[in-house]
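Participant: what follows is a predicted structure for the sequence shown.
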Amino acid sequence: MVFRLDGHSFHRFSDVHDFEKPNDVRALQLMDHAARSVMEEYPDIVLAFGESDEYSFLLKRSTSLYNRREAKIVTTLTSYFTSSYVFNWSTYFRDKPLQYPPSFDGRIVPYPAEKHIRDYFAWRQADTHINNLYNTTFWALVQQGGQTTTEAHATLRGTFAKDKHEILFSRFKINYNQLDPRFRKGSVLVREEVAEQEPSSTKENLERSDVNAQVPSSLDSVATSEGSNATTVEDNGSPAEEQKRSGKKEKKVRKAKTKPPTRIVLLHCDIIKDDFWNERPSLLAE
Ligand code: GTP
Ligand code: MG
């Protein structure tokens, strides 16, 4: 199951809140933060990919989350993401109070085979690339080239990727491939095993998870054990509670003890080619 959410009318929301064009790092980091919160709350999410105002989450194949009830999963996860987005807004937009409550739509897409999952994530990352190349060139023409938005649209009509690279380089000395990979590749959140003795926030951890001073310390490469929520979170209606009700808690607890601790890392890497998936066979296996 892939769960995807998307900001509702973020064209307007980004205008009202003065998001930088073409990419606002604060807005993207806030999206990453909210997505990480969702992954921390729901251990069955093994992978997430985000760009612009959207995020996709892959649930492990064997998940029994909310007995796989679609409406329950969609509404709860969308709601949790949205509240985390609002809850953490001021950390990223210090001088820009929220003008109105943002909302996100959510949906689940079931895919029958591994190939479809790979294709889905490849499609989203290809979309990131196409949009970013267009937007980067478009706003360079407007902000640095002095064109109106209508003129910039006209300049780009019918152009191919290589033409946009050429415009960026010859007119604005911008080497597209050297732009921040966050913008070119989107954001990938995955769980990574932590060696038992390893401190939870070594220098390497911080770099790999792209944590910077803006991000609250609780997010610094949080080392968690998959399934550990099942032993500690007792709130009614929580995933842990749900597992208890379905009589699976004891089994889960026993399983959690044998699983190595993991942390969630943020990457801006290629997920279209085989390497990413070959290095993480458990993503599609479980
Ligand atoms: P619906 O999703 O159909 O409700 O419409 P939407 O207005 O949210 O459009 P869509 O999801 O297709 O696209 C997201 C929009 O959010 C973009 O078109 C931008 O206008 C805006 N947006 C997202 N990220 C950024 C950003 O980093 N900077 C700026 N300036 N705008 C952004
Ligand atoms: Mg949207």
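Facilitator: Yep, that arrived. Ligands and ions are numbered 1, 2, ... in the order given.

Participant: residues of the chain that sit close to ligand 2?
Facilitator: Applying C-beta under 5 Å from the ion, we find that the chain lies next to ligand 2 at 6-7, 10, 53. Yep, even glycine has a C-beta here, placed from its N, CA and C like the rest.

Participant: what comes into contact with stretch 80-92?
Facilitator: 5, 26-27, 29-31, 33-35, 37-38, 41, 55, 97-98, 101-104, 106, 214-216 (C-beta atoms under 8 Å, 6 or more residues apart in numbering).

Participant: so which residues of the stretch 101-250 of the chain form helices?
Facilitator: 114-143, 149-156, 161-172, 181-185, 203-208, 229-232, 239-245, 249-258 (DSSP state H, counting those that start in this stretch).

Participant: make a PyMOL selection of the buried ones in the contacts of stretch 80-92.
Facilitator: Provided next is the PyMOL selection string for whichever of the contacts of stretch 80-92 are buried by 16 or more other C-beta atoms under 10 Å:
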select buried, resi 5+26+27+29+30+31+33+34+35+37+38+41+55+102+103+104+106+215
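
Participant: among the contacts of stretch 80-92, which are in reach of ligand 1?
Facilitator: For ligand 1, the contacts drawn from the contacts of stretch 80-92 by C-beta under 6 Å from any ligand atom are Ala27.

Participant: could you tell me the least trusted of the helices of the stretch 101-250 of the chain?
Facilitator: Among the helices of the stretch 101-250 of the chain, helix 229-232 has the lowest mean pLDDT, at a mean of 27.

Participant: residues of the chain that sit close to ligand 1?
Facilitator: Going by C-beta under 6 Å from any ligand atom, the residues of the chain near ligand 1 are 6-11, 14, 19-21, 23-24, 27-28, 52-53.

Participant: drop anything exposed from those.
Facilitator: 7, 10, 14, 19, 23-24, 27-28, 52-53.

Participant: farthest pair within the residues you listed?
Facilitator: Farthest-apart pair in these is Gly7 and Asn23; separation 14.5 Å (C-beta to C-beta).

Participant: residue ranges with poor pLDDT in this protein?
Facilitator: For the chain, applying pLDDT under 70 flags the ranges 197-257.

Participant: what segments of it are strands?
Facilitator: 2-7, 45-51, 54-59, 104-109, 187-193, 223-225, 261-267 (DSSP state E).

Participant: the residue of the stretch 151-286 of the chain found nearest ligand 2: what's it in contact with?
Facilitator: Closest to ligand 2 within the stretch 151-286 of the chain is Gly186: 14.8 Å, counting by C-beta to the ion. Residues near Gly186 by C-beta under 8 Å, 6+ apart: 49-51, 124-125, 128, 268.
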